[in-house]
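Student: Provide a 3D model corresponding to the input given below.
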Amino acid sequence: QVQLQESGPGLVKPSQTLSLTCTVSGGSITTNYYYWSWIRQPPGKGLEWIGYITDSGSAYYSPSLKSRTSISRDTSKNQFTLQLSSVTPEDTAVYYCARAPSGHGGYDYWGQGTLVTVSS
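Tutor: Now for the predicted structure:
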């Protein structure tokens, strides 16, 4: 059973960098044919894909967030990390990490999500 757990600050000030870590257990982030994703849901809105990092370590981002986003990984800790720079209150959301089988078109495992509020 694969489990994902998000961690990081729940409150970030405007213009700062949001940083979240997803710790994976029950499976390796280097296993072939899986993408490790970040998704968010602002209050009262739908899910928004942020980006993912592949089993080989390549990262891909939503065009709308690409200029502010970086996804990296630490294979020794089986973790991957999201950094979103220059945040504004519009970046307030529940942030999820999830696993996507390549070519599947969806996600098979999700973290529980963590609320990040951007406020001074």
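
Student: give the contact list for the residue nearest to residue 15 when sequence neighbours are not counted.
Tutor: Nearest-residue entry for residue 15: residue 86, 5.9 Å, with adjacent residues in sequence omitted and distances by C-beta to C-beta, 6 or more residues apart in numbering. Placement of C-beta: from N, CA and C, glycine included. Contacts of residue 86 were listed using C-beta atoms under 8 Å, 6 or more residues apart in numbering, and they are 15, 17, 68.

Student: ok, the first one - how many residues close by?
Tutor: What that stands for is residue 15. Applying other C-beta atoms under 10 Å, we find 11 residues neighbouring residue 15.

Student: That one and residue 65, how far apart?
Tutor: Applying C-beta to C-beta, to the nearest Å, the value for residue 15 to residue 65 is 16 Å.

Student: Can you pull the phi/psi pair for residue 66?
Tutor: For residue 66, the backbone dihedrals (degrees, to the nearest 10) come out as phi -60, psi -40.

Student: what does residue 17 give?
Tutor: The phi and psi values for residue 17, taken as degrees, to the nearest 10, are phi -100, psi 130.

Student: Let the chain start at 813 from now.
Tutor: Sure, I'll start numbering at 813, so the last one becomes residue 829.

Student: OK, contacts around it?
Tutor: Neighbouring residues of residue 829 by C-beta under 8 Å, 6+ apart: 895-899.

Student: Make sure residue 843 is indeed in a helix.
Tutor: No - counting by DSSP: H, G, I helix; E, B strand; the rest coil, residue 843 is not part of a helix but coil.
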